[in-house]
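Trainee: Sharing a model prediction with you, sequence too.
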Amino acid sequence: MKTVILCGGQGTRIRDVAADVPKPMITIGRLPILWHLMRYYAHFGHDEFVLCLGYKGEVIKDFFLNYRARTRNFTVDLGRDDGITYHSKDSDVDWKVTLVDTGLEAMTGARVKRVQEFVGNDTFMLTYGDGLSNVDIDALVAFHKSQGSVATVTGVRPPGRFGELVVNNNGVAAEFNEKPQATGGRISGGFFVLEPSIYDYLDNREDLVFEQEPMRGLVRNNQLSVFEHDDFWQCMDTHRDWSLLNTLAESESQPWKRW
C-alpha cells in the first residue's frame with residue numbers, strides 16, 4: 001500500500017529552527033523528521049512513498065538522489081561514467097520514493113489531487129511530513145477495512161502545553177501531570193487510510209484544503225471513520241515541539257521507534 005506524505009508547506013512558525021530547508025527536512029537527532037516517519041511506515045511493510053513537494057522541494061530531491069552517498073562508504077573511479085562502487089548496503093532502507101512537485105502555494109487538498117496518477121486505483125495512506133506517532137499501522141488498516149468507509153483518520157488527543165493539577169475537595173493537590181494528553185475532544189492526527197474514491201471529493205483548485213471541504217463532504221455522507229489513538233503523537237509546529245522531539249530522540253525509548 002502506497003503512502004502519500006504532504007511535504008510542501010512553508011512551515012513559517014518553525015523558521016527559527018531552520019529557514020533554509022523545508023519543514024520535513026528539519027532533523028530529529030541526525031536525520032530529517034521525514035526519514036523517521038518513512039522508516040516507521042516501512043517497519044509495517046509499507047515502503048512505497050509518494051512525496052508531495054512544494055516549498056524548497058529541491059532540498060528533499062537532493063536528499064534522496066544522494067542518499068546512498070550520504071549513508072555509505074564508496075569508491076569513485078573518475079575515469080568511468082558509472083564509476084561509483086558502494087561498499088555496503090543499507091539493509092534498513094529499501095524504499096521506492098516518488099517525488100512530485102505539487103506547487104509552491106497549493107493547499108493540502110490540491111496536493112493530494114495532483115499525485116493521483118502516481119497513487120493509482122488502490123487503497124492508500126496519507127499523512128503529514130511533520131509529525132510522529134506510535135500508532136499501530138496494522139490495526140489502523142484493519143480498522144479501515146472493517147468500516148468500509150471512503151476515509152479513516154487517526155483521532156488523537158494532543159499533548160497539553162502545561163502541567164495539569166488535580167485538586168481534592170480540601171484544596172490540596174492530589175495529582176500533578178506534566179504536559180499530559182488532553183482530556184477533551186480529539187483532533188485529526190493525520191495517519192489517514194483512503195480509498196481511491198476519495199478523489200471524487202477533490203479537485204485541482206490551488207486553495208483546496210483537504211481538512212475543509214473534502215472532509216466535511218465525507219462527514220455529510222457518513223464516509224469518514226475515526227481510528228482512536230490515545231498513545232504517543234507529536235506534531236512539530238514550533239521550536240518547543242522540535243526541542244521535545246529531539247529530547248525524545250536522544251532517549252533510549254524513542255516512542256516512534258520500532259526498528
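Mentor: That came through, no problem. Numbers count the residues shown, from 1 in each chain.
Trainee: buried sites along stretch 198-218?
Mentor: Along stretch 198-218, the positions that meet the burial threshold by neighbour count (16 or more other C-beta atoms under 10 Å) are 198-199, 201-202, 208, 210, 213-215, 218. Heads up, the C-betas are built off the backbone N, CA and C, glycines and all.
Trainee: from those residues, which is closest to G190?
Mentor: Relative to G190, the closest of the buried residues of stretch 198-218 is F210; by C-beta to C-beta it sits at 10.3 Å.
Trainee: Verify the stated contact: that closest one with K113.
Mentor: No - between F210 and K113 there is no contact, the gap being 9.1 Å when judged by C-beta atoms under 8 Å.
Trainee: Spit out the residues that contact the two alike.
Mentor: Common contacts of F210 and K113 (C-beta atoms under 8 Å, 6 or more residues apart in numbering): L202.
Trainee: among the buried residues of stretch 198-218, which are in helices?
Mentor: In helices, defined here by DSSP state H, the members of the buried residues of stretch 198-218 are 213-215, 218.
Trainee: Show me the helices in the stretch 101-250 of the chain, by range?
Mentor: In order along the chain, the stretch 101-250 of the chain carries the following helices (DSSP state H, counting those that start in this stretch): 108-114, 116-119, 137-147, 213-220, 239-250.
Trainee: chain center to the second one, what's the gap?
Mentor: This points to helix 116-119. 18 Å (C-alpha atoms, centre = their mean, to the nearest Å).
Trainee: Please apply the same query to stretch 244-259.
Mentor: With C-alpha atoms, centre = their mean as the basis, the mean position of stretch 244-259 lies at 16 Å from the chain mean.
Trainee: which parts of it are buried?
Mentor: Along stretch 244-259, these residues count as buried under the neighbour rule (16+ other C-beta under 10 Å): 244-246, 248-249, 254-257.
Trainee: Low-confidence stretches in the stretch 151-259 of the chain?
Mentor: Along the stretch 151-259 of the chain, the model assigns pLDDT under 70 to residues 160-184, 259.
Trainee: again, only this time at 50
Mentor: 162 (pLDDT under 50).
Trainee: dump the residue contacts of P32.
Mentor: Shown in contact with P32 (C-beta under 8 Å, 6+ apart): 24-26, 63.
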